[in-house]
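> Make a model of this:
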Amino acid sequence: MEVKKYEYIDSLRGIAILLVVLVHVQYIEGFTSSISYFSTTAFQFMANGHLGVSLFFIVSAFTLMMSHQRRQYEDHANRNFFIRRFFRIAPMYYLAIVYFTFAYFVGFDFANIDWSNVPKKELILNVLFVNGFFPEYIHHYVPGGWSITVEFTFYALFPLLFARLKTINQVISFTLISLLISTVFNLLLKGTGADINNFLGYYIVAQLPVFSLGILAYRLVSVKEEIMNVKLSSLSFLAVTIFVYCYTAISYDFLYSIVFFLLLIILSQKAYKLFSNKILAKIGKVSFSLYLVHFAMMTVFNMFGCFRWVEPYIKDKTTAYLFFIFGYICLFAVSFLLSNITYRLIEMPGQNLGRKLIKKLDQQK
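Just a heads-up that it's a prediction; the model follows:
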């Protein structure tokens, strides 16, 4: 019964990963040239696939609020929270680090391994989930690893946010403050040494307003009458924020995140089949594995030139679209199959290990 009730959450994760996979097809050798035939609208739609990460962040904050609300009174709630989150993410991410160490730096010639090519500092920063604080390292080593470090940084902040943001007015204020701070920081850091590798779009300060929308969605969904308690001061703060953005550029990612925020609230009230169904939920269930595995499959496809034969056949807009769709289906299908394996062999055992550790620590008190 509970699975059915929250099917919309896994479905949203499914939508998020489908968007993320979409934007990466262009980097597979053989499909790259198809982009030049895309119309402006089609190219923009494809390029916006990266915004699936924003949807992941919103759903993550929403579900963390749900789970922590249930467990807030258990002994050592914050300690157990960090253990659960570590063992939810680390096993699969560390496997990805191992894979990309060989794929990018060492090679798969196990008889002649040269570890001197491995960037030690970068490796350590990724293992510790702190690469997101370094502009030169935030987007290297594991593809998409920037989102993992941002997620982990949000985990570090979450217990404090949960304890302090108790009303809808506090959450609205936090959302607007984090949005304004993000804008000010970006204006101050633009053109500096931090303005590389899209750091100003990736780092936690830029993404915190997106996470806050997930917290706001939880307050609206879980305590529906709170919408009637919005204070004049909160509305005034909103007016000031809008005024400021009449003279600056609001975050492009944040604007799309508002759409995802509204979609989450809508589906929590009525799960429309187009956006919430068993197929999307199955995809969403393995979405974390799928996120990392699809990057690995891209390197495999390029390493062996699996789709280089496609390029001569891309001669016009029709063939470009058809082969791009073909590439998308291939990348998704293979990655999805492998993700179901890694979910069962890596993710689930990792989560079970976290539960056992919590149980063992509880027994020692």
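> Low-confidence stretches in the stretch 101-250 of the chain?
224-229, 235, 246-247 (pLDDT under 70).
> One more: the stretch 251-365 of the chain?
In the stretch 251-365 of the chain, residues with pLDDT under 70: 365.
> now the helices for it?
Applying DSSP state H, counting those that start in this stretch to the stretch 251-365 of the chain gives helices spanning 252-269, 278-285, 287-303, 317-342, 348-363.
> same question, the stretch 51-200 of the chain
Listed in chain order, the helices of the stretch 51-200 of the chain (DSSP H, counting those that start in this stretch) span residues 52-71, 77-100, 120-127, 145-164, 168-189, 199-202.
> Next up, phi/psi of Asn39, please.
One correction, residue 39 is Ser, not Asn. Torsion angles at Ser39 (phi, psi; degrees, to the nearest 10) stand at phi -70, psi 170.
> where's the nearest residue to it once chain neighbours are set aside relative to Gly49, distance?
Nearest non-adjacent residue to Ser39, counting by Cβ to Cβ, 6 or more residues apart in numbering: Lys317, 7.6 Å away. The way it works is simple: take the backbone N, C-alpha and C, and place the C-beta from them, glycine included. Using Cβ to Cβ, to the nearest Å, we find Lys317 at a distance of 20 Å from Gly49.
> any idea of the pLDDT on Lys5?
For Lys5, the model assigns a pLDDT of 55.
> can you start the count at 891 instead of 1 from here on
Fine by me, first position is 891 from now on; the one you just mentioned is Lys895.
> List the contacts of Phe1185.
Shown in contact with Phe1185 (Cβ atoms under 8 Å, 6 or more residues apart in numbering): His914, Ala986, Phe990, Val1032, Pro1033, Gly1034.
> The fifth one and Ser1126: what is the separation?
Using Cβ to Cβ, we find Pro1033 at a distance of 43 Å from Ser1126.
> burial of Tyr1163, as a residue count?
Heads up, residue 1163 is Lys, not Tyr. Look at Lys1163: counted by other Cβ atoms under 10 Å, it has 9 neighbours.
> Please list all residues in contact with it.
No contacts exist for Lys1163 under Cβ under 8 Å, 6+ apart.
> If we use 10 Å, what do you get?
Shown in contact with Lys1163 (Cβ atoms under 10 Å, 6 or more residues apart in numbering): Ser901, Leu1170.
> Against Ala1053, how distant is it?
With Cβ to Cβ as the criterion, Lys1163 and Ala1053 are 38 Å apart.
> How about Phe976?
According to Cβ to Cβ, Phe976 and Ala1053 sit 20 Å apart.
> Next: Ile1140.
Applying Cβ to Cβ to Ile1140 and Ala1053 gives a distance of 29 Å.
> And these two? Which one has more around it.
The neighbour comparison of Ile1140 against Ala1053 (other Cβ under 10 Å) goes to Ile1140, with 17 against 11.
> Quick check: that one touching Ile1132?
Yes - with contact defined as Cβ atoms under 10 Å, Ile1140 reaches Ile1132; the gap is 9.1 Å.
> one step back: just give me the neighbour total for the residue nearest to Ser929.
When counting by other Cβ under 10 Å, one arrives at 14 neighbours for Lys1207.
> ditto for Leu1227
Here the number of neighbours of Leu1227 (other Cβ under 10 Å) works out to 11.
> ranking the helices of the stretch 941-1090 of the chain by burial, who's on top?
For these, the largest average neighbour count (mean count of other Cβ atoms under 10 Å) is found in helix 942-961, namely a mean of 21.
> Dump it to PDB, restricted to CA.
Backbone C-alpha positions of helix 942-961 (Å, rounded to 0.1, in the frame of the first residue of the first chain) are rendered in PDB as follows:
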ATOM      1  CA  GLY A 942      16.800  16.500 -14.600                       C
ATOM      2  CA  VAL A 943      19.400  16.900 -11.800                       C
ATOM      3  CA  SER A 944      17.300  19.800 -10.400                       C
ATOM      4  CA  LEU A 945      14.300  17.500 -10.200                       C
ATOM      5  CA  PHE A 946      16.500  14.900  -8.400                       C
ATOM      6  CA  PHE A 947      17.400  17.600  -5.800                       C
ATOM      7  CA  ILE A 948      13.800  18.700  -5.200                       C
ATOM      8  CA  VAL A 949      12.600  15.100  -4.800                       C
ATOM      9  CA  SER A 950      15.600  14.300  -2.500                       C
ATOM     10  CA  ALA A 951      14.800  17.200  -0.200                       C
ATOM     11  CA  PHE A 952      11.100  16.300  -0.200                       C
ATOM     12  CA  THR A 953      11.800  12.600   0.700                       C
ATOM     13  CA  LEU A 954      14.400  13.500   3.300                       C
ATOM     14  CA  MET A 955      11.800  15.700   5.100                       C
ATOM     15  CA  MET A 956       9.300  12.800   5.000                       C
ATOM     16  CA  SER A 957      11.800  10.200   6.400                       C
ATOM     17  CA  HIS A 958      13.400  12.500   9.000                       C
ATOM     18  CA  GLN A 959      10.000  13.600  10.200                       C
ATOM     19  CA  ARG A 960       9.200   9.900  11.000                       C
ATOM     20  CA  ARG A 961      12.500   9.300  12.600                       C
END
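> While we're on Gln962, how confident is the model there?
In this model, Gln962 is scored at 85, pLDDT.
> ok, the nearest residue to Pro1049 once chain neighbours are set aside to Leu954 distance?
Computed as Cβ to Cβ, 6+ apart, the closest residue to Pro1049 that is not its neighbour in sequence is Asn968, at 4.6 Å. Separation of Asn968 from Leu954 (Cβ to Cβ) stands at 12 Å.
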